[in-house]
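Visitor: Take this sequence and fold it.
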Amino acid sequence: MQTLLNLLAAIALLVWGTHIVRNGVLRVFGANLRQILHRSTKRRSTAFVAGVGVTGLLQSSTATALLVSSFVGKGAITTTAALAVMLGADVGTALMVQIFALNLSWLAPLAIVFGVVVYLSRRNERAGQIGKLVLGLGVMILALQLIMQATAPLTTAVGTVGPMRVLFDQLTGDLLLDVLIGALLAISCYSGLAVVLLTAALSASSVIPVPVALAIVVGANLGSGLLAVFTTLRSDPSVRRVPVGNLLFKLAGAILVLPLLPFALAPLAQLGADPKSMVVNFHLAFNLLIALVFIGFTGSVARLVEAILPTQRAAELPGHPRHLDPTALNTPALAIGNAARESIRLADTVQDMLAGLLTVLKTNDFALAERLRQRDDEIDRLYTAVKLYLTQISREALESNESKRWADIIQFTINMEHAGDIIERMLIDVAEKKIQHGLSFSDAGMREIEDLHVRLLGNLKLAVAVFLNGDLKSAQQLIAEKVSFRELEMRYADSHLQRLSGNTAQSIETSSLHLDLLADFKRVNSLFCSVAYPILESAGVLSKTRLLGEQAGLFSTDATRPT
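Guide: Numbers count the residues shown, from 1 in each chain. From the prediction side, this is the model:
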């Protein structure tokens, strides 16, 4: 029992090390890896090479499958090119197995010590993430040594009559059972690479015979293909095509190779007679064979999976996020960029509601008011999606500028969501106080509302520009517009009161609604303009109460941060 526990702990350590390396590479080099994949898919040959290189770094063909699947889902690359990348990805994983199968025991302590020191001393910097990556490599190498040590007692136990003999005897009689066990191990460990390394170690310790190990390797390859399929089950059909196509390649390869396994032992022995070498060489040969046989059929398989998983023609659910790619979460810079893009969609919806509000005010269109009110639900869905997406980004992996951008996006989406709620309430008031009673504003009052509305739309567009580029001059202009807007709102409120004193009938009938609209316009404008404050603070021209320096003269002395 102690031996089995030691073996399970070593396996868990191997899987954890693989996880650390994969996430570390995505966080440090994720943007570059995506650019390499994107630029290398014009030809199948370069796509294949890119797949080998990227997966060599990620040490996970599943991670590569998720990356290229997201590209296909966005229409950035074709399914044919993505399948060529995946053929290279499987070869890249096999090459990494070759490297880890070498005797690297001397490297483990160096990598672990270096990784821990660098990560703990510079945790919030890029160097710290590189240190964590190196730590993961050291953990993987150490885990392989521990597996070898843990399996040594099993060698004796298997040779005697007892539970261990019965357990491992189950792996020697049924080829399909061995394949199934390999697939289940790969799925449960979330790593085909770890299972192949484990199988090689067990074979080297004579715990399992080489023929059984080869069948388990085939199963591990199928399991890694199934992993990507399971991971993308809830994604769009265009995203799911790449994992399904890659699984078809693996299934076809397994069908070709399994009948030939008894005849593969002699050729493998010529490449390396020891069991460990035979297992890792077979793994590489299996994936090279699949690549050589099917590289010319990527187009045919792409058409097949496109027929199996056609693009959905149904209308998209309003407010459904488009840019929140879950595969980018391990690359903070990319994930934050995705959240920013989705936030712009949220602002666009607010702009549509605000633009439609003026039409409702002028035409008393009750049906339009109802449609615009329903768009606030889209805003709420987008806001929730962006917020939940951002909370899944590891804050520890963020650099200082990324952490600031993270906070800015959260605040921007909160303000847009609040603006949407205010506009929805304005539409309700217009419907109840104006449309249902057939009222209209005075000509002067309508001109004032239109003027404020035009300025409000302009400030929203300027706020989006400030949010995107973080320009100090634009931020200052936005605050100046806020001050101007507030002064204009006060002047128009006074004008309305003067019309009331002149007993203007239309002004008297719509007075409550008119003043509420002016106040709500000012509140919405404050929400739009608040995007400028973090930029002004970073530039050192804003204190807790007022602007500082020579540039303060551009604004009113009470241009303070809203509470």
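Visitor: residues making contact with the helix or strand that contains V195?
Guide: Element membership of V195, judged by DSSP states H and E, is helix 192-204. Contacts with helix 192-204, where a contact means CB atoms under 8 Å, 6 or more residues apart in numbering, come from 11, 14-15, 18, 59-62, 93, 96-97, 100-101, 144, 147-148, 151, 154, 182, 185-186, 189, 208-210, 213, 216-217, 220-221, 223-224, 227, 274-276, 278-280, 283. Using the backbone N, CA and C atoms, a C-beta is placed for each residue, glycine as well.
Visitor: Let's see the ChimeraX selection covering just the buried ones among the residues you listed.
Guide: Of those, the buried ones can be selected in ChimeraX as follows, counting by 16 or more other CB atoms under 10 Å:
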select :11,14,15,18,59,60,61,62,93,96,97,100,101,144,147,148,151,154,182,185,186,189,208,210,213,216,217,220,221,223,224,227,275,276,278,279,280,283
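Visitor: Tell me how many other residues surround G253.
Guide: G253 has 22 neighbours, counted by other CB atoms under 10 Å.
Visitor: residue contacts, it?
Guide: With CB under 8 Å, 6+ apart, G253 has these contacts: N221, F286, N287, L289, I290, V293, F294.
Visitor: got it, and C529?
Guide: N459, A463, L478, I479, E481, K482.
Visitor: go again using 10 Å as the cut-off
Guide: 415, 459-460, 462-463, 466, 475, 478-483, 485-486, 559, 562 (CB atoms under 10 Å, 6 or more residues apart in numbering).
Visitor: from those, which would you call buried?
Guide: Buried among the contacts of C529 by 16+ other CB under 10 Å: 415, 459-460, 462-463, 466, 475, 478-483, 485-486, 559.
Visitor: Just these: which are in helices?
Guide: Counting by DSSP state H, the buried ones among the contacts of C529 place 415, 459-460, 462-463, 466, 475, 478-483, 485-486 in helices.
Visitor: Now flag whichever of those is closest to I36.
Guide: Ranked by distance to I36 (CB to CB), these are led by V466 at 32.9 Å.
Visitor: hang on, that closest one packs against Q477?
Guide: Yes: between V466 and Q477 a contact is recorded at 8.6 Å, counting by CB atoms under 10 Å.
Visitor: Mutual contacts of those two, please.
Guide: The overlap between the contact sets of V466 and Q477 (CB under 10 Å, 6+ apart) consists of A532.
Visitor: Poorly predicted segments of the stretch 151-300 of the chain, please.
Guide: Residue ranges of the stretch 151-300 of the chain with pLDDT under 70: 151-173.
Visitor: how does it look with 90?
Guide: 151-178, 181-182, 184-213, 224, 227-241, 260-277, 296, 299 (pLDDT under 90).
Visitor: which residues of it fall in strands?
Guide: Along the stretch 151-300 of the chain, no segments are classed as strands by DSSP state E, counting those that start in this stretch.
Visitor: for it, what spans make up the helices?
Guide: 163-169, 175-189, 192-204, 210-231, 237-257, 261-271, 275-294, 298-308 (DSSP state H, counting those that start in this stretch).
Visitor: Specify the angle between the fifth one and helix 298-308 in degrees.
Guide: I take that to be helix 237-257. 120 degrees (axes from the mean of the first three to the mean of the last three CA atoms, to 10 degrees).
Visitor: And for the third one?
Guide: Helix 192-204 and helix 298-308 are oriented at 120 degrees to each other (the same axes, to 10 degrees).
Visitor: for the buried ones among the contacts of C529, which one is nearest F366?
Guide: L460 (25.0 Å).
Visitor: pretty sure that closest one contacts G420?
Guide: No: the criterion here is CB under 10 Å, and L460 misses it with G420 at 11.7 Å.
Visitor: Identify the contacts common to these two.
Guide: What both L460 and G420 touch, as defined by CB under 10 Å, 6+ apart, is the set A347, V350, L354, V524, L527.
Visitor: contacting residues for the last one?
Guide: By CB under 10 Å, 6+ apart, the contact set of L527 is 350, 412, 414-420, 422, 459-460, 463, 562.
Visitor: Pretty sure F441 sits in a strand.
Guide: No: going by DSSP: H, G, I helix; E, B strand; the rest coil, the assignment for F441 is coil, not a strand.
Visitor: how near is the nearest residue to it once chain neighbours are set aside to A369?
Guide: Among residues not flanking F441 along the chain, T510 sits closest, at 5.4 Å (CB to CB, 6 or more residues apart in numbering). Going from T510 to A369 by CB to CB, to the nearest Å gives 16 Å.
Visitor: Could you do H323 as well?
Guide: For H323, the distance to A369 equals 30 Å [CB to CB].
Visitor: mean confidence for stretch 371-385?
Guide: For stretch 371-385, mean pLDDT rounds to 90.
Visitor: next one: that stretch to chain centre, how far?
Guide: Taking the mean of its C-alpha atoms, stretch 371-385 sits 22 Å from the chain's own mean (CA atoms, centre = their mean, to the nearest Å).
Visitor: One more: stretch 430-439?
Guide: A distance of 46 Å separates the centroid of the chain from that of stretch 430-439, by CA atoms, centre = their mean.
Visitor: Report the buried residues of it.
Guide: Those buried within stretch 430-439 under the rule 16+ other CB under 10 Å are V430, A431, K433, K434, I435.
Visitor: so of those residues, which ones are in strands?
Guide: Counting by DSSP state E, no part of the buried residues of stretch 430-439 is found in strands.
Visitor: count of neighbours near I423?
Guide: Based on other CB under 10 Å, the number of other residues close to I423 is 23.
Visitor: Let me know how buried T391 is, in neighbour terms.
Guide: For T391, using other CB under 10 Å, the count is 10.
Visitor: give the contact list for it.
Guide: T391 neighbours (CB under 10 Å, 6+ apart): W406, I410.
Visitor: Use 6 as the first number for this chain going forward.
Guide: New numbering, starting at 6: the last item is T396.
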